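Enquirer: One predicted model, sequence on top.
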Amino acid sequence: MANKKYSQYADITTLADGDFFPCETAAGVTKYALWSLIKSTLKTYFDTLYYTIGAITSPLAISQPFPVGLLVKRNAGAPNTKIDITFAELYVQGKLATAGTYTVDQAASGVLGLDTGSVAQSTWYYFWIICKEDGTTAAIMSASSTAPTMPAGYTRKRFVTVAYTAVTTKYFYDFTQSENAYKWTSGIVMVSDSTADIASRAEVANVDVSAFMPLLITKIIVNFTVQATSTPAEYISANAGGYLNGIRSMEDIYISFVGTATVLGSANAVGTIITDNRKIYWRSMSNTNSNSSITQVVLNGFEIPLN
């Protein structure tokens, strides 16, 4: 019956707020409701079903898709003072940035330069891709790891890499970053130790490596080398007492090899250490004395947190 009653009305594909919508009460009385009233009623109903998300007060807490094709390195034409940041796809706090290569010059100020002040020596600088609300994309460098001074009109930012300036010259140290893997061109020696008797070396605690690690970084990629006579066994760890009773964690790097009393042998291992307190520990676990030994920990690079 209802179909016959309403068959006289023509079909429509869109509704405007002022349109009337026919309806029938339980008593069979035909009435009309404005489409704007129906929308308002439905909104009130659905609002009771879903939680309302408030404003995000910490933009850096937003989980963002991993960048695609991110490559960072020193500029070929001016490697000492410029950094090239290239990507195919990168979201900046929900805004899709314009793909391409952005060259940041430490001599420039604001957009594609230093956010504020002047470049200092022996300093970590943090590089950010920044966007306007209309999608306009650029980059800046800043001494701040959390709050760069944003150029006028730019409202969104995303941290992508770091660079370190040299003493006196203030030139950038050479590095290459592919996605989140940051590698120095030449490794940096963080720990070097030579002891005549390798068996007598106790665990060395609280070796502060923060000078080699920018803020935000907790995963470092190291090359651990041991040279010794006799048969040494050594480890480095991010935890005090990291190798106890033959049990070591996945983050520990352990070396053991067979040597002789007269021939200097060597072994090395590359691994990632997660060090939240920015310190490492290393120790000899050998039971035999050694005429000579060298232990060296070299920083090859680190992992950049991109999420």
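Expert: It's in.
Enquirer: what about residue 276, neighbour count?
Expert: 9 (other CB atoms under 10 Å). C-betas here are computed from N, CA, C, even on glycine.
Enquirer: With residue 163 instead?
Expert: 23.
Enquirer: what does residue 155 give?
Expert: Neighbour tally, residue 155, other CB under 10 Å: 13.
Enquirer: Same check on residue 81?
Expert: Neighbours of residue 81 (other CB under 10 Å): 18.
Enquirer: wait, doesn't it sit right on residue 172?
Expert: Yes. Using CB atoms under 8 Å, residue 81 is in contact with residue 172, at 7.0 Å.
Enquirer: which regions of this structure sit below the pLDDT cut-off?
Expert: Applying pLDDT under 70 to the chain flags residues 1-12, 50-63, 194-206, 227-266, 282-294.
Enquirer: domains of it?
Expert: Annotated domains of the chain cover 10-47, 60-179, 183-303 [automatic domain parsing].
Enquirer: In the stretch 1-150 of the chain, what residue spans correspond to helices?
Expert: Secondary structure of the stretch 1-150 of the chain (DSSP state H, counting those that start in this stretch): helices at 2-6, 35-47.
Enquirer: Pick the most deeply packed of these.
Expert: Ranked by mean neighbour count, the helices of the stretch 1-150 of the chain are led by helix 35-47 with a mean of 11 (mean count of other CB atoms under 10 Å).
Enquirer: Check which helices and strands that helix sits against.
Expert: strand 20-24 (3 or more CB pairs under 8 Å, 6 or more residues apart in numbering; DSSP states H and E).
Enquirer: helices or strands up against the strand it packs on?
Expert: helix 2-6, strand 30-34, helix 35-47.
Enquirer: Now tabulate these in JSON lines and tack on distance to residue 121.
Expert: Listed next are these as JSON lines, based on distance: least, CB to CB, whole Å:
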{"stretch": "helix 2-6", "distance to residue 121": "81"}
{"stretch": "strand 30-34", "distance to residue 121": "70"}
{"stretch": "helix 35-47", "distance to residue 121": "57"}
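Enquirer: Neighbours of residue 91, how many?
Expert: Neighbour tally, residue 91, other CB under 10 Å: 18.
Enquirer: was I right about residue 171 contacting residue 81?
Expert: Yes. Counting by CB under 8 Å, residue 81 is a contact partner of residue 171 at 6.7 Å.
Enquirer: what separates stretch 119-138 from the chain centre, distance-wise?
Expert: 14 Å (CA atoms, centre = their mean, to the nearest Å).
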